[in-house]
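[1] all I have is the shape, not the residue letters:
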């Protein structure tokens with residue numbers, strides 16, 4: 001999700017149905033607007049709660065509350081408010097994505113995967129398919145993850161898309177989505193003992209992005225594992241598995 005896009009929507013969603021109720025929530029709207037000018041999400045959140053108390057039937061305010069919790073990094077509250085919002089507006093893709101991300105932040109891979117599956121079914125987006133595959137992998141569903149990733153690799157819509165890969169220790173890298181899918185597919189194939197296929201996919205990922213750090217690291221791990229097997233020297237190291 002584009003954070004700037006999400007934050008800009010924070011300003012607009014609350015006012016979607018404001019005009020009809022302007023007479024009785026004008027004070028709260030003023031507080032909200034002033035708070036948002038200074039990114040004071042706590043004050044803005046309190047203003048939205050006051051509005052919800054007066055107009056609990058209006059789901060757009062619960063939508064705004066969910067977005068505020070997401071901007072604050074309050075994962076549990078994002079999930080609870082978001083799921084309540086989705087009961088009334090099941091097709092709200094922004095809220096679905098926030099709930100999926102919040103679940104992922106809490107390592108709730110099953111819940112995140114299920115929400116990403118809903119998003120992928122609605123949008124047919126290879127980005128959401130990649131998120132499904134990642135959580136399938138984290139849940140040790142290697143066969144399912146492999147099938148999902150193979151579908152992304154064959155999807156022409158993935159050719160022009162990019163994704164930012166986080167690698168820990170404040171490291172990240174923007175790479176082609178197809179390169180990310182090939183790298184993760186290689187990681188999954190190592191788990192399935194398909195070492196030759198894995199190495200080929202790491203090579204394919206590096207062909208698309210020659211400086212792709214994780215793919216280069218994973219290829220080195222696969223090469224070392226192959227050498228250790230030949231020499232019977234012991235354990236095979238675990239591949240890098242960052243999202």
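    Alright, I've got the coordinates. Bear in mind that the values here come from a model prediction, so they are computed numbers and not experimental data.

[2] ok, which stretches of the chain are strands?
    Under the criterion DSSP state E, the chain carries strands at the ranges 162-168, 171-176.

[3] tell me which other helices or strands the shortest one touches.
    Think strand 171-176. Here strand 171-176 touches strand 162-168, helix 213-231, going by 3 or more Cβ pairs under 8 Å, 6 or more residues apart in numbering; DSSP states H and E. For every residue, glycine as well, the C-beta is placed using N, CA and C.

[4] give me that answer again for 6 Å
    Helices and strands touching strand 171-176, as assessed by 3 or more Cβ pairs under 6 Å, 6 or more residues apart in numbering; DSSP states H and E, comprise strand 162-168.

[5] OK, contacts around residue 71?
    With contacts defined as Cβ atoms under 6 Å, 6 or more residues apart in numbering, the neighbours of residue 71 are residue 41.

[6] and the gap between residue 179 and residue 98?
    Counting by Cβ to Cβ, to the nearest Å, the gap between residue 179 and residue 98 amounts to 26 Å.

[7] how many neighbours does the residue nearest to residue 79 when sequence neighbours are not counted have?
    Counting by Cβ to Cβ, 6 or more residues apart in numbering, residue 79 lies nearest to residue 102, which is 4.9 Å off, once chain neighbours are set aside. If you count neighbours by other Cβ atoms under 10 Å, residue 102 ends up with 26.

[8] my guess is residue 102 meets residue 75, correct?
    Yes. Counting by Cβ atoms under 6 Å, residue 102 sits close enough to residue 75 to count as a contact (4.1 Å).

[9] the residue nearest the centre of the chain and residue 115, how far apart?
    Closest residue to the average C-alpha location of the chain: residue 101 at 4.7 Å, with Cα atoms, centre = their mean. With distances defined as Cβ to Cβ, the gap from residue 101 to residue 115 amounts to 9 Å.

[10] could you do residue 92 as well?
    Distance from residue 92 to residue 115, counting by Cβ to Cβ: 12 Å.

[11] neighbour count winner among those two?
    For residue 92 versus residue 115, neighbours defined as other Cβ under 10 Å are more numerous around residue 115 (29 against 17).

[12] just to revisit the earlier point, could you report the pLDDT at the residue nearest to the centre of the chain?
    Residue 101 is assigned a pLDDT of 97 by the prediction.

[13] now it: how far from residue 156?
    Residue 101 sits 26 Å away from residue 156 when distances are taken as Cβ to Cβ.

[14] same check on residue 133?
    For residue 133, the distance to residue 156 (Cβ to Cβ) stands at 18 Å.
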